[in-house]
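J.: Sharing a model prediction with you, sequence too.
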Amino acid sequence: MNTNPERKEIDLLEYWRIVLKRKWILLTFCALLLVFVGIFSFTATPLYQATASIMIEEPNSGAFNIQEVLGGGYQYDYMGTYFNTQLRLLQSRSLAERVAKKMNLAARSELQMRGAPRPNLLSYVKRVLSLSWLIPRKKAPDEGGGGGESTTAKPLPNVNALYAFTVLGGLGIAPVPETRLVQVSYSSPYPVLAADIVNNLIEEFIDFSVETRYEATQQASEFLSNEIAKLRDDLAAKERELQRYGEEKKLLFLSDKESSVVSKYSEVNSAYTSAQIDRVNKEAIWRGLKDLKIDALPPSINNPVIQSLKTAYMQVRSEYDEKSKVFKPDYPVMIQLRARLDSSRANLEAEIGKAVEAAESDYRAALKSEQSLQNLLEIQRTDVVKMNNNAILYNNLRVDVDNKRILLNSLVAKQNETLVSARLGGLRTSSTKIIDRALVPGGPYSPNTRRSLMMALLLGVIGGLGLIFLVEFLDNTVKGPEDVEKLVGLPSLGVIPFLSPDATKKRYESGNYGYGRSYGNSYGSSYGSDESGKSDQPPPEQRQIELINHLYPKFSISEDYRTIRTSILFSHADTAPKVISFTSSMPQEGKTATVANLAVSFAQLEGRVLVIDGDLRKPRMHKVFRSRNTVGLAGFLTGKISLEEIVQKTSIDRVWLIPSGPHPPNPAELLNSKRMRELVNVVRDSFDVVLIDAPPALAVIGPVIISSLSDITVFIIRAGKTTRKALVKAVGEVRKSKADIVGVIFNEVKTGGEGRGAPYYHYYQYEYYTDESESARDREGGEGRAAASANSKRS
């Protein structure tokens, strides 16, 4: 995130410069808007506004509403449906007709005076803007009528409907946020009429709501009586049909949801499930006893006899095993123990056999019981299916009877509420209450001239600024040094102001045609000025810009050329450039005039200056110096003429010219020839400064070739005319030749706050004045060094 305050300040300054540069757009827009609003404010008819306050509450829950009958207990969304409906009713045409009829607006004197309004300036403006004058008026049916039967004048039909639009035209409804209050207002040129319409409107609205409400109640009462009678007949018929069907099918229901057949089936099913569980348990016991072995009896056997015999058997066996370690098997004690062991085993096996028989008997009995219950369950299942088929229609009939009984009870209750509401109708109660009645306004509320003008001024400033930045955004021309720096990274070498005839004449008459100081005494007093500082020559014409530095050296624009000369000399810190080429993006950017005046500026340093017209297609330099163009650069490059023949001495001291000569068929090939490079090398040694006027960079390839032969290249930009795209492309083309582009010169910059380059010109002018003494010393020192270097080279 960039938080550099310096950059922000530069951006704000740039915006300020844009506003100053196009301030007339802002001033014009503000003036037009103020004039229009002022005309409207001073010619508009004064309007008076009367306001009343009413409160719209929720509908009384005790009163009957037809929506509750038809919607089955419909609840109002107060802040949604009901409240918005009441607001729309306040603006309905039917309510306005009731007000017009009650007030007899057709007979009101205020409205009679409005029959033929007096035309004013505002009406004419509206007529012109609406283009209604282009549409021909339709003639009335009785206009221009010829002979025929005389007819009596008939009154207009439905006069109240016509005046209803008068009521609606000035009506305003504004609900107060977060409350149930509504502001009802009416605007009219007549204050008494405005108050009367508002008060009658809210009264008629209350009467209208009461009448509408109880008309619906009366209609609902008649509707309910007819529906209740029909519903009672239908309910009696359905009950008789339900009873007859139940007796026919012998249906008996223990409850609303269960019959006797279903209850019996449920009991049998529960018993069958218990029998299955009992059979499975007994079968498991039987199979467990059947597979028992005496030597591996589990400890979980529940038979106490078997457990006792098992214990006795295990004791005898343990004793036998212990004594067998001491006595032999035929020993008498061992024979007795063996007999006891066999007897215990036989008893245990006999008891286990009895337990297996008893368990099998229990299993067989449980299995037989399960099979019996299964057969009974199948019989009950058949009865249930048959009963369900019969109960379907029975249940449908019973549901229909129950629904009709509920609906009948609801309609009877609503009918009772309707009777109560009908009795309350005479009380004229309403959910709308009048909070504040409208009073006769003491003064007009519109037009508010002061507020309108302030708003017009504010909108004018905002709109004017918007137009300024819109025009600035659409303007794709180069406006100042900052643009050049951002686009191509080149510095500005100086600014040449636009030579306006009016500004030149004013400066000449006031004597303020220079910067207050002449540049050098050697020539400052030799160009038509007396001791008082005023020039004895006529002011320069605009077409004399090509040599204004020579004709009027004390004029301010001449000093601008000398400033540019100094910038070019300081563009290289080590040595001053000698061969300098000048080009531009497009034609007619002041390149030739700039080169001619810079030649004069360099000559004023008492150095030899050569100007070469490198534009072989459209040369103009010979016209500026009023030289012949019969021979020139083209002849030398073709080898027909020597260098001494093409170098011409001009009327200006220390300035020579090589014109372009006749138009060659192949300018690019000639400029890229060996003779062109030899020419540059020769004149570099013969002259102190060589200025080459190259053609536009986007027109031909010549500038690229010439720039490669020069020490430095300078771009000429016409302020407000050269586009950004053209400049970027032209600089890119020249840079392909590895040329040393030192900067740009802004030409024809309009001063005095007018034009696109004015802020930049004043910026450089301010910088010049603040650093006048120091820059003058540096410039004179630099130029003196350049002149001394030139003299030493000539010698």
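T.: Yes, it's here.

J.: Tell me who's in contact with Val734.
T.: Thr583, Ala697, Pro703, Val704, Ser707, Thr713, Phe715, Ile741 (CB atoms under 8 Å, 6 or more residues apart in numbering). Just so you know, the C-beta spots here come from the backbone N, C-alpha and C atoms, and that holds for glycine as well.

J.: phi, psi of Arg718?
T.: Dihedral angles of Arg718 (phi, psi; degrees, to the nearest 10) stand at phi -90, psi 110.

J.: Could you report the pLDDT at Trp286?
T.: Trp286 is assigned a predicted lDDT (pLDDT) of 71.

J.: Around the residue nearest to Glu370 when sequence neighbours are not counted, how many other residues sit close by?
T.: Nearest residue to Glu370, sequence neighbours excluded (CB to CB, 6 or more residues apart in numbering): Ala275, at 4.2 Å. Neighbour count for Ala275, taken as other CB atoms under 10 Å: 19.

J.: So for Ala275, what's the pLDDT?
T.: Taking Ala275 on its own, its pLDDT is 79.

J.: Which neighbouring elements make contact with the strand or helix carrying it?
T.: Assigned by DSSP states H and E, Ala275 belongs to helix 260-290. Here helix 260-290 touches helix 332-424, going by 3 or more CB pairs under 8 Å, 6 or more residues apart in numbering; DSSP states H and E.

J.: How far off centre is the helix it packs on?
T.: When C-alpha coordinates are averaged (CA atoms, centre = their mean, to the nearest Å), helix 332-424 and its chain have centres 73 Å apart.

J.: same deal with stretch 30-42?
T.: Centre to centre, stretch against its chain (CA atoms, centre = their mean), the figure for stretch 30-42 is 32 Å.

J.: outside of it, which residues touch it?
T.: Here stretch 30-42 makes contact (CB under 8 Å, 6+ apart) with 121-122, 125, 447-449, 452-453, 455-457, 459-461, 463-464.

J.: Buried ones in the strand or helix carrying Val35, by neighbour count?
T.: Using DSSP H and E, Val35 falls within helix 23-43. By neighbour count on 16 or more other CB atoms under 10 Å, the buried set for helix 23-43 is Ile25, Leu26, Phe29, Cys30, Leu33, Leu34, Val37, Phe40, Ser41.

J.: ditto for stretch 358-376
T.: Within stretch 358-376, the residues scored as buried using 16+ other CB under 10 Å are Ala359, Glu360, Asp362, Tyr363, Ala366, Leu367, Ser369, Glu370, Leu373, Leu376.

J.: Pull that stretch out as PDB, backbone CA atoms only.
T.: Extracted in PDB, the C-alpha atoms of stretch 358-376 (Å, rounded to 0.1, in the frame of the first residue of the first chain):
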ATOM      1  CA  ALA A 358     -39.500 -85.000  30.500                       C
ATOM      2  CA  ALA A 359     -37.900 -82.200  28.400                       C
ATOM      3  CA  GLU A 360     -39.000 -83.900  25.100                       C
ATOM      4  CA  SER A 361     -42.500 -84.100  26.400                       C
ATOM      5  CA  ASP A 362     -42.600 -80.400  27.200                       C
ATOM      6  CA  TYR A 363     -41.100 -79.600  23.800                       C
ATOM      7  CA  ARG A 364     -43.800 -81.600  22.000                       C
ATOM      8  CA  ALA A 365     -46.600 -79.900  24.000                       C
ATOM      9  CA  ALA A 366     -45.100 -76.400  23.200                       C
ATOM     10  CA  LEU A 367     -44.900 -77.300  19.500                       C
ATOM     11  CA  LYS A 368     -48.500 -78.400  19.300                       C
ATOM     12  CA  SER A 369     -49.700 -75.200  21.100                       C
ATOM     13  CA  GLU A 370     -47.700 -73.100  18.600                       C
ATOM     14  CA  GLN A 371     -49.200 -74.800  15.600                       C
ATOM     15  CA  SER A 372     -52.700 -74.300  17.000                       C
ATOM     16  CA  LEU A 373     -52.200 -70.600  17.600                       C
ATOM     17  CA  GLN A 374     -50.700 -70.300  14.000                       C
ATOM     18  CA  ASN A 375     -53.900 -71.700  12.500                       C
ATOM     19  CA  LEU A 376     -56.000 -69.400  14.600                       C
END
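
J.: So what touches it?
T.: Against stretch 358-376 from outside (CB under 8 Å, 6+ apart): 268, 271-272, 275-276, 278-279, 282-283, 285-286, 289-290.

J.: switch the cut-off to 7 Å
T.: Identification of contacts with stretch 358-376 by CB atoms under 7 Å, 6 or more residues apart in numbering yields Val268, Ala271, Tyr272, Ala275, Gln276, Asp278, Arg279, Lys282, Glu283, Ile285, Trp286, Leu289.

J.: related to what we said a few turns ago, and the helix or strand just after the helix holding Val35, what other elements does it pack with?
T.: For helix 23-43, the succeeding helix or strand toward the C-terminus, using DSSP H and E, is strand 48-56. Packing partners of strand 48-56 (3 or more CB pairs under 7 Å, 6 or more residues apart in numbering; DSSP states H and E): strand 181-188, helix 191-249, strand 432-436.

J.: Run the angle between strand 48-56 and strand 432-436 for me.
T.: 140 degrees (axes from the mean of the first three to the mean of the last three CA atoms, to 10 degrees).

J.: For strand 48-56, buried residues please.
T.: Applying a neighbour-count criterion of 16+ other CB under 10 Å, one finds Tyr48, Gln49, Ala50, Thr51, Ala52, Ser53, Ile54, Ile56 buried in strand 48-56.

J.: Tell me which strands it pairs with, and in which orientation.
T.: Sheet pairing of strand 48-56 (DSSP bridges) gives strand 181-188 (antiparallel), strand 432-436 (antiparallel).

J.: and it, how far from the chain's centre?
T.: Offset of strand 48-56 from its chain centre (CA atoms, centre = their mean): 38 Å.

J.: Residues contacting it, please?
T.: For strand 48-56, using CB under 7 Å, 6+ apart, the contacting residues are 83, 86, 180-191, 194-195, 198-199, 202, 431-441, 444-445.

J.: can you give me the angle it makes with helix 191-249?
T.: Angle, strand 48-56 to helix 191-249, by the same axes, to 10 degrees: 20 degrees.

J.: give the contact list for Asn199.
T.: By CB under 7 Å, 6+ apart, Asn199 lies in contact with Ala52, Arg437, Ala438.

J.: Next, the last one: secondary structure please.
T.: The assignment at Ala438 comes out as coil when based on DSSP: H, G, I helix; E, B strand; the rest coil.
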